[in-house]
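**Q** give me a 3D structure for the following:
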Amino acid sequence: MKKINDSQEFKKIKNGDSIYKYASTWLIYKTDIINKKSIWNKIQNIFKIIQSNNEFNALTAEQIDKFFFKRPEIDFEINFFSDLMSKCLVFKYKNKIYCYTYSLLKRKNGRKIFVRFYFDYEKFINEFEINY
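**A** Predicted coordinates for the structure are as follows:
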């Protein structure tokens, strides 16, 4: 796959985060892992709270296979972008299955990552903040 040219393809949004101009249901973000207000850190903080409250539900291999079978477009996108985003996480929270991929952007300071949420991360954050 062709490498992404950062200077031309990414549009800055806020808090050190950028969005890649790619026509898809799921956007590609380049986010700052050090900035406490970045998308990545908001999601990771929620995960820490969920884990500490034992609210993550374990998924079996069969459930993960069933998820990708029902959502082949996600499976395709993950495989297509596997060179860019090599790590994939699938988790269950409140009877819903969520999936995202990410990878550290290889730079000198190592503070940026590419991430792609296969769910509406803003809705996830808002629902969590309302419930807690």
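**Q** which residues does Tyr121 contact?
**A** 39, 43, 100 (C-beta atoms under 8 Å, 6 or more residues apart in numbering). C-beta: built from backbone N, CA, C; applies to glycine.
**Q** I'd like the distance between it and Ile13.
**A** 12 Å (C-beta to C-beta, to the nearest Å).
**Q** any idea what sits nearest Lys14, other than its immediate chain neighbours?
**A** Lys37 (7.9 Å; C-beta to C-beta, 6 or more residues apart in numbering).
**Q** am I right that that neighbour is in a helix?
**A** No: counting by DSSP: H, G, I helix; E, B strand; the rest coil, Lys37 is not found in a helix; it is coil.
**Q** does it touch Ile43 like I think?
**A** No: if you go by C-beta atoms under 8 Å, Lys37 and Ile43 don't touch, sitting 12.0 Å apart.
**Q** who's more crowded, those two?
**A** More crowded of Lys37 and Ile43, by other C-beta atoms under 10 Å: Ile43, with 20 against 11.
**Q** list the buried residues in the helix or strand where the more buried one lies.
**A** Using DSSP states H and E, Ile43 sits in helix 39-52. Under the neighbour-count criterion of 16 or more other C-beta atoms under 10 Å, helix 39-52 has 39-43, 46, 50 buried.
**Q** show me the strands in the protein, by range?
**A** 10-12, 18-20, 29-32, 56-57, 87-93, 96-104, 112-117 (DSSP state E).
**Q** okay, now the unreliable bits of the protein?
**A** 1-8, 107-110, 131-132 (pLDDT under 70).
**Q** the helix holding Ile43 packs against which elements?
**A** Here helix 39-52 touches strand 29-32, strand 112-117, helix 121-131, going by 3 or more C-beta pairs under 8 Å, 6 or more residues apart in numbering; DSSP states H and E.
**Q** Ile64 and Val90 touch, don't they?
**A** Yes: using C-beta under 8 Å, Ile64 and Val90 qualify as a contacting pair, with a distance of 5.4 Å.
**Q** so how far is Leu104 from the residue nearest to Thr101 when sequence neighbours are not counted?
**A** For Thr101, ignoring the flanking residues on the chain, the nearest one in space by C-beta to C-beta, 6+ apart is Met85 at 4.0 Å. Distance, Met85 to Leu104, by C-beta to C-beta: 10 Å.
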